[in-house]
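J.: everything below, folded, please.
(chains A and B)
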Amino acid sequence: MKIATWNINGVKARIENLLHWLQEASPDIVCLQEIKSVDEQFPRQPLEELGYHVETSGQKGFNGVAILSKLRFDEVNRGLPGNDADEQARFIEGVFSTETGALRVASLYLPNGNPLNSEKFVYKLGWMERLEDWAKARIAIEEPVVLAGDYNIIPEREDAKYPDNWLNDALFQPESRQAYRRLVNLGMTDALRAVTAAPGTYTFWDYQAGAWQKNNGIRIDHLMLSPEAADRLVSASVEKHTRAWEKPSDHVPVVIELAYA
DNA sequence: ATGGTTGCTTTGCAA
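T.: Down below sits the predicted model:
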């Protein structure tokens, strides 16, 4: 089973690229972030014509997440628990049936958190505490879980071409990296890190200042696996070539293969 | 070097 995550930076602006990539890669489940669309305007019809079930959690103008799946959704939940006042659309999860039971897949868009010393950074760290609680509960019941999305976190120096450029950025703050590390210490596996130890594997290149041409990238899109999901990990890869397409997203898809029939 | 680019709520804001 192929499961992907992709921050597409606007689903309406990116629909042609999305359809092209789905036909090329044929993933079974795709977690999307930054759809920047309300649910009513999400272009679900061409995706359904490719055989995908579509579940969205959108909002006007920015944020927004979705899951596309060739498998039928047994269950869908929107929103990360732990703060009823949080109205930002950054989390959706689906539950699917496999031959060995349920598989849970979540699509998350973790807050960027910039600038530092602002409410946005406080919100980021609070959101990560809620995510940790969510992961703890899921790990405790020994359920296979894929927690995929744009984490807006550079885990290690080797995950940036120029790590020193990010020292004053929320994506590379010690607090952000420690919160990410706590997920690992709970037992979550960073799928791409587990498969490829090669430095220089990036998932995002800024639109500005020729970052793509200079390979000035960072690795911030991650698929974190619970132990039961990690046991089935076969491969992980980055769909880097999509960044060179016309009208690209600034992120590229990351794909894992799990051993399900 | 405080630039540079993109998408939406558009001539500002978030990334």
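J.: who does the residue nearest the centre of chain A bridge with?
T.: What sits nearest the mean C-alpha location of chain A, by CA atoms, centre = their mean, is residue A:149, with 0.9 Å. When bridges are called by DSSP bridges, residue A:149 pairs up with residue A:108, residue A:222.
J.: please name the residues that touch it.
T.: Neighbouring residues of residue A:149 by CB atoms under 8 Å, 6 or more residues apart in numbering: A:5, A:7, A:31, A:33, A:65, A:106, A:107, A:108, A:109, A:110, A:221, A:222. C-beta coordinates here come from the backbone N, C-alpha and C atoms, glycine included.
J.: need the contact partners of the longest helix seen in chain A.
T.: Ranked by residue count under DSSP state H, the longest helix found in chain A is helix A:119-140. Here helix A:119-140 makes contact (CB under 8 Å, 6+ apart) with A:80-83, A:86, A:90, A:104, A:108, A:110-115, A:145, A:147, A:152, A:170, A:173, A:175-176, A:179-180, A:182-183, A:186-188, A:224, A:226-227.
J.: of these, list those near DNA strand B.
T.: A:111, A:112, A:114 (CB under 7 Å from any atom of the strand).
J.: out of the residues you listed, which is nearest to DNA strand B?
T.: residue A:112 (4.2 Å; CB to the nearest atom of the strand).
J.: what's the nearest residue to that closest one if we skip its chain neighbours?
T.: Closest residue to residue A:112 apart from its sequence neighbours, by CB to CB, 6 or more residues apart in numbering: residue A:152 at 4.9 Å.
J.: surely that neighbour and residue A:110 touch.
T.: Yes: with contact defined as CB atoms under 8 Å, residue A:152 reaches residue A:110; the gap is 4.8 Å.
J.: returning to what we had before: just to be sure, the residue nearest to residue A:112 is in a helix?
T.: No: checked against DSSP: H, G, I helix; E, B strand; the rest coil, residue A:152 lies outside a helix; its state is coil.
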